[in-house]
Each structure stands twice: as structure tokens, then as C-alpha cells.
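Engineer: can't give you the sequence, but here's the structure:
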């Protein structure tokens, strides 16, 4: 069976009260459109057509190159949208899956079941349905002797039909050729003057074609039309992600307080503590301990590393490295095996070599630190002259004294030292001590002189 997919992503999302396209709002690290594409891939489609409308250029730019993008303009209803979507397919003699771009909770299992039932029953159309305790506002699935005979909208339903709890989710599978023929017969003779996709079902039934339905778990039918619904589906998606990780062997002290994007990966044997955020493409290796209070975006955390109370942005933390508390690793921060970056340390575009330590209160920017070196408290690599960034190089087994200002470009050699409180403006050779401070001078009786002066000024 050859499958094609049409994704309806033209909606404005009026109730979200934002200017952007609804399909580009994100849930658990993916846009709603990306979730739809993820769902579509479950049926191994030969083609995907995405129908755009509001903010169409933005939505188009977010689509993979292999996807066909077509524009619905003007927007004349769901039937019209699917008709436009068919123009994005090179062939329609396939099974055509129609997905809204605002239902990210549809599981791969459910969409595959929909395809399987469609094939088994040789159906012209198969509808994904859910059962709701309160079906108000939804189109009801009308059956006679178990067979689907139509979809009736709330405003057109009889009192008996309003008691039906099985409702339409707007997810369908169609025989492509029959879909095209039926769409040509749909009219806009209704209050909204729109072409409804639900009318296709009525046409197919009237032509004595089989229309099937598959009922899926209720939450899979949640569509996103408000920020409240977006938050709801995001919570469910995060719950799925966390449960999969727990079952794989990841430890979480409190899964309800761990937030992991769909693009992040965590290896079995890792431990995630509360208020950990793994965003983007962040990866965590086995044995690592992350949290509490860690935000890591597009970062790598190596095996047996520890990161706590810190922010990582496009940073790399090597095996057995130690980060935090209250560290900030900015883009290009690269901590090698066993390195340490401690309290109130910021690292940007720098290598901290194997087993080297920057324990506290320091800024390391545009620097390269060798192995087994120690950087004293309040050290700053002064990398910017107001026009360009300059490089600081610190060798192996170096000892940089506390409160050292390293004025780049500058090199501190292997086994070299700098005196505490120094301003280093020239290279320090291997094994040497660099001092850059004035001699101390004590002024005797200074406190008494200050006291007398204050008294005289008061008089």
C-alpha cells in the first residue's frame, strides 16, 4: 500500500492571540507542524503535502525540502484545504492521510491502526474518532447497525444525535481517487459558505462506499486552539518522553519536575534531579548526574559527569567533569575529561583541559587551558579590547593566582605561576612566575588623620 499525507497547516489560531502561525507554536521542543510531520512518518509516506495560509512564508520555511508546500488562498473551509493539498501530490492513486497540524498527541500506533483498518475493510474513508463524556461542540459519528453513515455537526444534530459520545477528530484516511471525485461534488451551501470535508463522508456513504472508523484514546484527539490547550498537550508529551526514559533505565527523583525536549537524548544509567531542563539536542551520557536546577540547551554532558544549579548553552561537558553550582557555560565552552568549573564561573568559547580546575568566581573567555592546571578565584581572561576578541593560552600544570587579570593575547607556559592580584600583560615562560603588581606601601597613622579631618569638617 502506498500512502500519501496532507497536513492542514493554514490556520491562524485566533484564540491564541498571537501574530505567528499556529502551526509553529512549540510543544516539548517541537513545533506543532514538526509533530505532525513526525506522526506522518509513521506511515512511511511516499509524499507529504503541507497546506499553508496564515503566515505561509514562515510555515513554508519550517518545512523539510522533501515536503511539497501549497498555499490555500483564500481559505474556504476544510474541504477546500484538502482539495488544495491534493495539488501538492504528484499522484493521488494512493491512500491519502489527512492530518491537522494542531494535534500532536496522535500516536504512531493509532495512525498505523487507522491505515490497517482502512485496508482491511477496503474502505473509501476511515475516520479517527474519540469518545467524550461531554461531546458538546463536536461533530457526532452517526452509525446504523454499527456502520458509519455520516458525521453530523452539533448545530444540525437532533436531540438523540446529541447524545452520541463518539466524535470526529478531523483525522482521516481516504482512497485518493474517490476523495478527489467527492470533493468535486462538495458545495458551500451552508451558513459559513465554506466547503466542508465532512460532506465527503456523506457523499461516499450515499455512493454506497464503506466508511470505517477507529476509536483512539481520548487525549489523542486534543487539538490546540488556545495556550491552555498547548500547555496541556505539552505536559502529556513530556510525560510520554519521561516515561520512555524511565523504562529505558534513566533515573528521575521526581519525573513531574523534569522537562526534556523531544530532540534531547538521555542514556540509561543517567540520573536527572528536579527542575532539570534538557532542551534542543542536548545529550546526557550514562552515569551522568544532572540537576537540580539545570538548564542545558544543545549541549553534551559526558559519562559520569556532574552538573548542578547551572546553565549550559551549546557547551560540552566531558566525562567525569564537574560543573556548578551556579556556573554558566556559554557557546563553545568545552570541558575535557575530569575538568571542574565551580561556583559563579562563566566560560565562553574556551577549552578547560583534562583535570584542570576553575573552582570559583572567574571568567574564562576565548581561552585554552591545558591539563592539570588550577585557576585561582576571581581570575579573568581579559579578551576584548573594544574591537576584537583575543586569545589566552594557559599550559599544562599551570597555577594562576587568585585575582589575576590575564590581558589577552597572552600565554602562560607549562608549569608556570602567576602571583595573586597580578595584571599579566606579557607571556610567562614555562616554569616561571609572573608578577604584575606594585609593591605594598603602608601609611602609618592614616586612620587617626582621617578621624581628625572628619571632625574638622563637621565643625
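Structural biologist: Yep, it's here. Quick caveat: nothing in here was measured; it's all calculated off a predicted structure.

Engineer: List of residues touching the lengthiest helix in the chain?
Structural biologist: Longest helix in the chain, counting residues (DSSP state H): helix 227-248. Applying CB atoms under 8 Å, 6 or more residues apart in numbering, the contact partners of helix 227-248 are 16-17, 25, 27-28, 35, 104-105, 219, 222-224, 252, 255, 258-260, 262, 266, 268. (Each C-beta comes from the backbone N, C-alpha and C, glycine too.)

Engineer: Helices - which of those residues land there?
Structural biologist: Those of those mapping onto helices are residue 35, per DSSP H.

Engineer: For PyMOL, write a command that selects the buried ones of the contacts of helix 227-248.
Structural biologist: Only the buried entries of the contacts of helix 227-248 go into this PyMOL selection, using 16 or more other CB atoms under 10 Å:
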select buried, resi 16+25+27+28+35+104+105+222+223+224+252+255+258+259+260+262+266
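
Engineer: Just the buried residues of stretch 407-424, please?
Structural biologist: Those would be 407-408, 410-424, for stretch 407-424 by 16+ other CB under 10 Å.

Engineer: Check the offset of that stretch from the chain's centre.
Structural biologist: 42 Å (CA atoms, centre = their mean, to the nearest Å).

Engineer: Check stretch 338-348 too.
Structural biologist: 26 Å.

Engineer: and the end-to-end length of it?
Structural biologist: 18 Å (CA to CA, to the nearest Å).

Engineer: And stretch 281-293, by the same measure?
Structural biologist: Distance between the two ends of stretch 281-293: 18 Å, counting by CA to CA.

Engineer: For the nearest residue to residue 79 once chain neighbours are set aside, identify the helix or strand it belongs to.
Structural biologist: What sits nearest to residue 79 in space, not counting adjacent residues and going by CB to CB, 6 or more residues apart in numbering, is residue 195, at 3.6 Å. In this assignment (DSSP states H and E), residue 195 forms part of neither any helix nor any strand.

Engineer: and if you look at residue 142?
Structural biologist: With DSSP H and E as the test, residue 142 turns up in strand 140-144.

Engineer: Show me what that strand packs onto, helices and strands only.
Structural biologist: Contacting strand 140-144 under the criterion 3 or more CB pairs under 8 Å, 6 or more residues apart in numbering; DSSP states H and E are the following elements: strand 147-152, strand 166-175.

Engineer: got the contact list for the shortest one?
Structural biologist: Pointing back at strand 147-152 there. With CB under 8 Å, 6+ apart as the test, strand 147-152 has contacts from 127, 139-143, 161, 168, 198, 201-202, 205, 210-213.

Engineer: Also the last one?
Structural biologist: Strand 166-175 is contacted by residues 78, 95-100, 103, 106, 111, 114-115, 118, 123-132, 135, 138-141, 143, 151, 197-198, 200, 213, 215-216, 220-221, 223 when judged by CB under 8 Å, 6+ apart.

Engineer: so after it, what's the next helix or strand?
Structural biologist: By DSSP H and E, the next helix or strand past strand 166-175 is helix 176-183.

Engineer: which parts of that following helix are buried?
Structural biologist: Per 16+ other CB under 10 Å, helix 176-183 contains these buried residues: 176, 178, 179, 180, 182, 183.

Engineer: Just the pLDDT for the residue nearest to residue 79.
Structural biologist: Note on residue 195: pLDDT of 91.

Engineer: Can you verify my assumption that it contacts residue 186?
Structural biologist: Yes. Residue 195 sits in contact with residue 186 when judged by CB atoms under 8 Å, with a separation of 5.0 Å.

Engineer: Need the overlap of contacts for the two.
Structural biologist: Shared contacts of residue 195 and residue 186, defined by CB under 8 Å, 6+ apart, comprise residue 79.

Engineer: So residue 434 is in contact with residue 413, correct?
Structural biologist: No. Under the criterion of CB under 8 Å, residue 434 makes no contact with residue 413, lying 9.3 Å away.

Engineer: Which neighbours do those two have in common?
Structural biologist: residue 428.

Engineer: And the residue nearest to residue 79, its phi and psi?
Structural biologist: Reported as degrees, to the nearest 10, the phi and psi values for residue 195 are phi -100, psi 110.

Engineer: So which residues of this protein form helices?
Structural biologist: 32-40, 56-61, 78-86, 108-120, 176-183, 198-206, 227-248, 446-458.

Engineer: rank the helices and strands packed on strand 140-144 by pLDDT, which is bottom?
Structural biologist: Among the helices and strands packed on strand 140-144, strand 147-152 scores lowest, with a mean of 92.

Engineer: what comes up buried for that one?
Structural biologist: 148, 150, 151, 152.

Engineer: what's the answer for stretch 136-150, then?
Structural biologist: 138, 139, 140, 141, 142, 148, 150.

Engineer: Give the bridge partners for the third one, please.
Structural biologist: This means residue 140. residue 152, residue 167 (DSSP bridges).

Engineer: so who does it touch?
Structural biologist: Counting by CB under 8 Å, 6+ apart, residue 140 has contacts 151, 152, 154, 157, 161, 162, 164, 166, 167, 168.

Engineer: same check, this time on the first one
Structural biologist: With contacts defined as CB under 8 Å, 6+ apart, the neighbours of residue 138 are 132, 154, 167, 168.

Engineer: which two of those lie the greatest distance from each other?
Structural biologist: 132 and 154 (12.1 Å; CB to CB).

Engineer: Local confidence estimate at the closest residue in space to residue 332 that isn't next to it in sequence?
Structural biologist: Nearest-residue entry for residue 332: residue 349, 3.5 Å, with adjacent residues in sequence omitted and distances by CB to CB, 6+ apart. You'll see residue 349 listed with a pLDDT of 98.

Engineer: what number of residues lie near residue 253?
Structural biologist: For residue 253, the neighbour count with other CB atoms under 10 Å is 13.

Engineer: isn't it right up against residue 275?
Structural biologist: No. In this structure, residue 253 is not within contact of residue 275 by CB under 8 Å, at 10.3 Å.

Engineer: give me the low-pLDDT residue ranges for the stretch 1-150 of the chain?
Structural biologist: Within the stretch 1-150 of the chain, no stretch has pLDDT under 70.

Engineer: Among the helices of the chain, which comes closest to residue 384?
Structural biologist: helix 56-61 (34.1 Å).

Engineer: who touches the closest one?
Structural biologist: Applying CB under 8 Å, 6+ apart, the external contacts of helix 56-61 come out as 9, 10, 20, 21, 23, 24, 33, 50, 52, 69, 71, 73.
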